[in-house]
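**Student:** Got a predicted structure plus its sequence, pasted below:
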Amino acid sequence: KAGVTQTPRYLIKTRGQQVTLSCSPISGHRSVSWYQQTPGQGLQFLFEYFSETQRNKGNFPGRFSGRQFSNSRSEMNVSTLELGDSALYLCASSLRGEGGEQFFGPGTRLTVL
Amino acid sequence: AQSVTQLGSHVSVSEGALVLLRCNYSSSVPPYLFWYVQYPNQGLQLLLKYTSAATLVKGINGFEAEFKKSETSFHLTKPSAHMSDAAEYFCAVSGVPSFQKLVFGTGTRLLVSP
């Protein structure tokens, strides 16, 4: 079974631009979560989507948004990029439910110049 | 709010030595606990998870962890370190407010010397 895939793997943008990252979950997984990883703040939860609806949200500004499609693929968007948005963005998929583990993709490395 | 504390940002061991990575959690409800490993330029890989079925949990690559409620700990161990174990290890907790929201510790980088 194929794992979680994320595209693109690397991205360079400039301040003020917007960016869209894509995540394809493991087949059969309907829950997709996004995390931001930075050296200073560590791993932080952004949001989770299930059945095309945002179910949980972390403590990030409204510039960070996402969506999920009917095939469970998910995208996250960051508008008006800031230097501090430079990070590794990780997507994870799961079957959802109590104690269920999340399977992570390789991440998208975003650099904002 | 749930939280996780990992003691030691770096741990160094010799190949063949015992690996002990510490994790303490804070949770108002019985938690679900996880250990993940991250190799350079890669995502996170699940090593093991605790979901109340057994206090001693065995994972992949020879790792295991013991849930101790009285100490609110979930330390990760491996009897004999291998060079390939060099990576960053994250302890995580979930449960409140959502089972889908993982709260991670700050990570421990394991260095293995020959």
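**Tutor:** Sure, I can see it.
**Student:** When you work out contacts or count neighbours from here on, use the C-alpha atoms and nothing else.
**Tutor:** Will do.
**Student:** before we move on, which element is the spatially most central residue of chain A in?
**Tutor:** Closest residue to the average C-alpha location of chain A: residue A:34 at 3.3 Å, with Cα atoms, centre = their mean. Residue A:34 is located in strand A:31-38, with elements delineated by DSSP states H and E.
**Student:** That strand: partners in the sheet, and parallel or antiparallel?
**Tutor:** With DSSP bridges as the test, strand A:31-38 is paired with strand A:42-50 (antiparallel), strand A:87-94 (antiparallel).
**Student:** pLDDT on that strand, on average?
**Tutor:** Across strand A:31-38, pLDDT averages out at 96.
**Student:** Thought residue B:45 was touching residue B:59, still the case?
**Tutor:** No - the pair formed by residue B:59 and residue B:45 falls short of the contact definition of Cα atoms under 8 Å, at 11.3 Å.
**Student:** Who has more neighbours out of those two?
**Tutor:** residue B:45 (19 against 16; other Cα atoms under 10 Å in any protein chain shown).
**Student:** need the contact list for that one.
**Tutor:** The contact partners of residue B:45, by Cα atoms under 8 Å, 6 or more residues apart in numbering or on different chains, come to A:103, A:104, B:36, B:37, B:38.
**Student:** Can you tell me which of the residues you listed is closest to residue A:89?
**Tutor:** residue A:104 (10.5 Å; Cα to Cα).
**Student:** That closest one contacts residue A:89, correct?
**Tutor:** No - using Cα under 8 Å, residue A:104 makes no contact with residue A:89, being 10.5 Å away.
**Student:** Just the closest residue of chain A to chain B, please.
**Tutor:** Residue nearest to chain B within chain A: residue A:106 (4.1 Å; Cα to the nearest Cα).
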